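Asks: return a 3D structure for these sequence lines:
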Amino acid sequence: MNHMVKHSAHLDAVFHALSDPTRRAMLGQLAERECTIGELATPFSMSFAGASKHVRVLERAGLLSRKIRGRIHQCRLQAERLAEAQEWMKRYERFWNVKLDALESLLREEDKQKEKKAKE
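Replies: Coordinates of the predicted model:
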């Protein structure tokens, strides 16, 4: 598999994982500290099995790692794949900055016109 296809598969998995609000919230918890699957499930009043499904999606996307000690599944954030996704999105930052700069100029011009009319 060539590098570009492999990179695309990683991004697909990351964006799929991030498309779910529960998984995004779980990543938020993991950004604060390591958690067990039970701890990740608690805020959502979901079963261990339900939380475990979300954890598997995050794990396949490379967004978390899991250590199993007996019956305890300890999860830790793996931020490298988030950095890859951010790099991909950064390519479009210039496009949005140009649009936002144009909007800012338009609004400033509108404010000047209003001030001018108010003085008349």
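Asks: enumerate the positions of the top helix by length along the chain that are buried.
Replies: Longest helix in the chain, counting residues (DSSP state H): helix 93-119. Buried residues in helix 93-119, counted by 16 or more other CB atoms under 10 Å: none are found. Backbone N, C-alpha and C define where each C-beta goes, glycine included.
Asks: and it, what does it pack against?
Replies: Contacting helix 93-119 under the criterion 3 or more CB pairs under 8 Å, 6 or more residues apart in numbering; DSSP states H and E is no other helix or strand.
Asks: report the mean confidence score over that helix.
Replies: Model confidence over helix 93-119, given as mean pLDDT, is 80.
Asks: ok, now stretch 73-84?
Replies: Stretch 73-84 shows a mean pLDDT of 91.
Asks: stretch 28-36 too?
Replies: What stretch 28-36 shows for mean pLDDT is 95.
Asks: list the buried residues in it.
Replies: Gln29, Leu30, Cys35, Thr36.
Asks: number of nearby residues for Val57?
Replies: Using other CB atoms under 10 Å, Val57 has 19 other residues around it.
Asks: tell me which residue is most central in the chain.
Replies: Leu18 (5.3 Å; CA atoms, centre = their mean).
Asks: not counting sequence-adjacent ones, nearest residue to it?
Replies: Nearest non-adjacent residue to Leu18, counting by CB to CB, 6 or more residues apart in numbering: Arg24, 6.0 Å away.
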